[in-house]
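A.B. asks: dropping the sequence and predicted coords here.
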Amino acid sequence: MRTFRLSFLVVCALATLTACSGEGFSGISEPSRIELSLLGPAPVVGDTIRVAASVTDDRGRPVPSAAVSWTSANSSILTISSSGLITTLAAGGTTVRATAGTALAELFVQVAPAIPASIVFTPDTATVFAPAGTLQLRPLVKDASGRTLNN
């Protein structure tokens with residue numbers, strides 16, 4: 001009888017602690033809030049930049065195992081991978097959305113146009129025979145990272 005009473009008390013105590021923890025019987029917290037932040041400077045066309053998601057439960061405790069899903073409101077301006085990596089495609093602004101369980105967060109991202117930094121002509125060497133010779137050069141405009149800019 002004494003063993004039964006002790007076992008019953010232990011089970012009741014564990015059930016009470018689990019019920020009061022707000023985590024259910026599994027001990028796993030459910031996501032209730034997501035905070036997003038851009039990890040780096042404001043992006044320009046052609047950049048890749050990561051978005052960090054901080055997921056917390058209703059008590060503000062981190063939920064590191066929460067699966068975060070990502071979407072872009074305008075995939076012609078930027079795309080976002082399943083790991084939160086943005087690839088910018090065009091100048092403009094759009095919203096990135098992250099969800100984890102029922103938690104939702106949005107981050108507005110403004111993509112600036114790439115700034116021309118240099119002009120390179122092709123071909124870089126040529127011979128022109130005078131008096132009727134002509135030479136056509138094609139300019140390539142490049143940004144500070146050496147990427148060729150279109151338009």
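C.D. replies: Yep, it's here. Residues are numbered from 1 along each chain as shown.
A.B. asks: identify the residues contacting the residue nearest to Pro113 when sequence neighbours are not counted.
C.D. replies: In space, and not counting its chain neighbours, Pro113 is closest to Ala91: 4.1 Å by Cβ to Cβ, 6 or more residues apart in numbering. No exception for glycine: its C-beta is placed from N, CA and C like everyone else's. Counting by Cβ atoms under 8 Å, 6 or more residues apart in numbering, Ala91 touches Val45, Ile77, Val111, Ala112, Pro113.
A.B. asks: which of these fall in strands?
C.D. replies: Among these, DSSP state E puts Val111 in strands.
A.B. asks: strands of the protein, residue ranges please.
C.D. replies: Ranges of strands in the chain, per DSSP E, are 33-39, 48-56, 69-72, 78-80, 85-88, 92-100, 103-111, 116-122, 138-143.
A.B. asks: so what strands line up beside the fourth one?
C.D. replies: Strands that pair with strand 78-80, judged by DSSP bridges, come out as strand 85-88 (antiparallel).
A.B. asks: how far away from the center of its chain is the partner strand?
C.D. replies: Relative to its chain's centre, strand 85-88 lies at 7 Å (Cα atoms, centre = their mean, to the nearest Å).
A.B. asks: which of the contacts of Ala91 has the largest number of neighbours?
C.D. replies: Val111 (23 neighbours; other Cβ atoms under 10 Å).
A.B. asks: would you confirm that it contacts Ile77?
C.D. replies: Yes: using Cβ atoms under 8 Å, Val111 makes contact with Ile77 at a distance of 5.7 Å.
A.B. asks: about what we covered before: most neighbours per residue, which of the strands of the chain?
C.D. replies: Of all the strands of the chain, strand 78-80 has the most neighbours on average by mean count of other Cβ atoms under 10 Å, namely a mean of 21.
A.B. asks: identify the contacts common to Val111 and Ile77.
C.D. replies: With Cβ under 8 Å, 6+ apart, Val111 and Ile77 have common neighbours Thr88, Leu89, Ala90, Ala91, Gly92, Gly93, Thr94.
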